[in-house]
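Undergrad: Show me the folded form of this:
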Amino acid sequence: MNNKVPYLDLPAQMAPLRKEIDAVIARTLDNCSFCLGPDVAQFEKDFAKYCGAEHCIAYNSGTSALHIAMMLLNVGPGDEVISTPMTFVATSWAISYVGAKPVYVDIDDATFNLDPKQVEKAITPRTKCILPVHLYGHPADLDPLLAIAKKHNLPLVEDSAQAHAAKYKGKVVGTFGAMSCFSFYPGKNLGAYGEGGAIVTNSAAFNARARSLREHGSTQRYYHDEVGFNYRMEGIQGAVLGIKLKHLDTWTRERRRVAHRYHELLADTPLQLPREADYAESAYHLYVVRHPRRDDLKKHLEANGVGCALHYPLPLHLQKCYANLGYKQGDFPVAEKAARECLSLPIYPELTEAQIQRVVEVIKAFFKA
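TA: As a prediction, the model looks like this:
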C-alpha cells in the first residue's frame with residue numbers, strides 16, 4: 001500500500017479533464033490563436049460573469065495584473081501603498097514596479113489577513129491605495145477596510161490571487177474594491193497550464209486602459225499612447241481556463257470538505273487550526289496550521305511521505321530586497337510569529353478520505369513521540 005500523500009496532485013485533477021482539454025488546445029493550435037484570441041476573450045466574459053463584474057482583462061501572470069492595477073490608479077514615485085507583510089512577494093512587487101513604497105501593517109492572528117484596526121494609523125498624505133490580500137483563500141475583512149478607504153478617499157484593490165470563489169458575506173470576492181487581481185498559476189484553485197492572471201473591475205475606464213497597457217500601450221496597432229507592456233495571456237491558457245472554470249464551484253466544495261475533515265480530526269491536537277471568520281466562506285487555497293515546533297513537524301511529515309510546505313517563512317518587511325524600507329525584527333510581531341509557526345498541509349479536491357486519515361495519523365504520531 002502506498003502511504004505517500006503528495007502536497008499537491010495536479011495529475012489527479014488533469015486526468016478526468018484530459019480529453020476535453022486536449023480538444024480545446026488542439027482547436028487553439030488549429031486557429032493559430034496563440035496570443036489572446038477568441039478563447040481568452042470568452043474566458044474573460046465567463047470569469048467576469050462568475051465574479052459578478054462588468055469586465056475581466058486577462059494577463060500573462062497575476063504579478064502583471066497587480067502591476068497594471070497600480071498603474072491604473074496612477075500610483076508612482078513618492079506614493080505609499082498600505083499592504084500586508086504576510087503574503088507572496090508579488091503583492092509588493094507591484095508597488096515597487098511603479099516606484100512607490102510598500103507600507104506594511106500587521107495581520108490578524110486568526111485569519112493571517114491585514115488587521116483593519118491598524119490600517120488607519122499607517123495612512124499619511126502620501127498614501128495612494130490600500131492593497132489587502134485574501135490570504136490562503138480566506139477573505140480579508142473588507143467592510144472596515146472599505147470604510148477607512150472611503151473616509152480617506154483612497155481606492156482599495158483586492159489581491160485575490162489565492163481566493164477564486166471565496167465569499168465575503170455571501171458574495172464572491174473580486175468586486176468590492178476599485179478592482180481585483182487574480183492569479184492563474186498552475187497550483188491555484190483555478191490554475192492554467194502555465195502562467196496567467198487577470199484584473200476584474202466594474203470601471204469602463206480601467207478596462208480600456210488595462211487592455212491597452214497589456215498590449216504595448218496600444219489601442220491601434222503600431223500607435224502607442226503610453227509606455228506599455230507585453231502582458232498578454234496566451235491563447236492556450238484561455239482555452240484551458242475556460243474548461244476549468246466550469247468545475248470551480250465543485251472543486252471549492254471539495255476543498256471545503258477536506259478542510260472540515262481536518263478541523264474534525266485535528267481538533268484534539270496542539271495545532272492552531274485555521275479559523276473561518278463569521279463573514280467568510282474560505283476557498284481554502286491552503287490549509288495552514290500553526291505550531292512552535294513547525295520545523296520539526298515538517299521534517300516528520302516529509303520523513304513519513306506526507307507532503308507539506310511553508311507559506312510564508314519570512315515576512316516581506318524582513319526580506320533582503322526590502323531592507324531599504326527600514327523595517328526591523330519586532331515591527332510586526334503577529335506576522336513574524338505566524339511565519340515561524342505556519343505549515344501548509346495537503347489540500348486539493350481529489351484528496352481522499354484515506355489520504356486525509358494518513359495525514360492526521362502522521363501528525364498525531366509526532367505529538368505522541
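Undergrad: what about the longest helix seen in the chain, average pLDDT?
TA: Counting by DSSP state H, the longest helix found in the chain is helix 248-265. Mean per-residue pLDDT for helix 248-265: 98.
Undergrad: Residues contacting it, please?
TA: Contacting residues not belonging to helix 248-265 are listed as 13, 50, 137, 164-165, 189-190, 273-274, 281-285, 287, 345, 347-351, 353, 356-357, 359-360 [CB atoms under 8 Å, 6 or more residues apart in numbering]. (C-beta placed from N, C-alpha, C; glycine too.)
Undergrad: go again using 7 Å as the cut-off
TA: The contact list for helix 248-265, computed with CB atoms under 7 Å, 6 or more residues apart in numbering, reads 164-165, 189-190, 273, 283-284, 287, 345, 347, 349, 351, 356, 360.
Undergrad: Please pick the buried ones from those.
TA: 164-165, 189-190, 283-284, 287, 345, 347, 349, 351, 356, 360 (16 or more other CB atoms under 10 Å).
Undergrad: Now distance to Asp22 too, for those residues, in TSV please.
TA: Listed next are the buried ones among the contacts of helix 248-265 as TSV, based on distance: CB to CB, whole Å:
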residue	distance to Asp22
His164	23
Ala165	25
Asn189	22
Leu190	19
Ala283	27
Tyr284	29
Tyr287	31
Leu345	32
Ile347	27
Pro349	21
Leu351	25
Ile356	31
Val360	37
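Undergrad: Give me the subset of those that lies in helices.
TA: Going by DSSP H, the helices hold 356, 360 from the buried ones among the contacts of helix 248-265.
Undergrad: next one: the longest helix of the chain to chain centre, how far?
TA: 18 Å (CA atoms, centre = their mean, to the nearest Å).
Undergrad: For it, list every residue counted as buried.
TA: Neighbour-count burial for helix 248-265 [16+ other CB under 10 Å]: 248, 251-252, 254-259, 261-262, 265.
Undergrad: for stretch 161-174, same thing?
TA: In stretch 161-174, counting by 16+ other CB under 10 Å, buried: 161-168, 172-174.
Undergrad: where's the nearest residue in space to Asp106 that is not next to it in sequence relative to Ala48, distance?
TA: The shortest distance from Asp106 to any non-neighbouring residue, by CB to CB, 6 or more residues apart in numbering, is to Phe332 (4.2 Å). Look at Phe332 and Ala48: by CB to CB, to the nearest Å, they are 35 Å apart.
Undergrad: quick one, which of these two is more surrounded?
TA: Phe332 (25 against 21; other CB atoms under 10 Å).
Undergrad: quick one: contacts for the more buried one?
TA: Taking CB under 7 Å, 6+ apart as the test, what Phe332 contacts is 85, 104, 106, 315, 317.
Undergrad: Widest-spaced pair of the contacts of helix 248-265?
TA: Leu190 and Val360 (27.5 Å; CB to CB).
Undergrad: Now Gly78: phi and psi?
TA: Main-chain dihedrals, Gly78, degrees, to the nearest 10: phi 90, psi -20.
Undergrad: Setting aside sequence neighbours, what's the nearest residue to it?
TA: Arg126 (6.3 Å).
Undergrad: Could you report the neighbour count for Val200?
TA: Residues near Val200, counting by other CB under 10 Å: 28.
Undergrad: And the one 10 residues further on, by the same measure?
TA: For Ala210, the tally of surrounding residues (other CB under 10 Å) stands at 25.
Undergrad: Return the distance of it relative to Cys51.
TA: 15 Å.
Undergrad: The helix or strand harbouring Phe367 packs against which elements?
TA: Using DSSP states H and E, Phe367 maps to helix 353-368. Judged by 3 or more CB pairs under 7 Å, 6 or more residues apart in numbering; DSSP states H and E, the packing partners of helix 353-368 are helix 248-265, helix 294-303.
Undergrad: show me where the chain has helices.
TA: Counting by DSSP H, the helices of the chain are 10-14, 18-31, 38-51, 62-72, 90-97, 142-151, 204-214, 235-245, 248-265, 294-303, 333-341, 353-368.
Undergrad: Give me whichever of these is most buried.
TA: helix 62-72 (a mean of 26; mean count of other CB atoms under 10 Å).
Undergrad: got the angle between that one and helix 90-97?
TA: 40 degrees (axes from the mean of the first three to the mean of the last three CA atoms, to 10 degrees).
Undergrad: give me the low-pLDDT residue ranges for the protein?
TA: Residue ranges of the chain with pLDDT under 70: 1.
Undergrad: rewinding a little: between the contacts of helix 248-265, which is nearest Lys337?
TA: Leu273 (15.9 Å).
Undergrad: ok, the closest one to Ala365 distance?
TA: 18 Å.
Undergrad: next one: Gly330
TA: Taken as CB to CB, the span from Gly330 to Ala365 is 35 Å.
Undergrad: Lys328 now?
TA: 39 Å.
Undergrad: cool, Asp106 as well?
TA: For Asp106 relative to Ala365 (CB to CB), the value is 35 Å.
Undergrad: ditto for Gly217
TA: From Gly217 to Ala365 the distance is 58 Å (CB to CB).
Undergrad: again with His224
TA: 62 Å.
Undergrad: Repeat that for Ala178.
TA: 49 Å.
Undergrad: nearest spatial neighbour of Pro333, skipping sequence neighbours?
TA: Here the residue nearest Pro333, using CB to CB, 6+ apart, is Asp106, at 7.1 Å.
Undergrad: what's around the one you found, how many residues?
TA: By other CB under 10 Å, neighbour count at Asp106 equals 23.
Undergrad: what sits against it?
TA: Contacts of Asp106 (CB under 7 Å, 6+ apart): 115, 118, 332, 334-335.
Undergrad: Also Asp109?
TA: Val334.
Undergrad: cool, Gly196 as well?
TA: Here Gly196 is in contact with 58, 60-61, 184, 233, 237, 241 (CB under 7 Å, 6+ apart).
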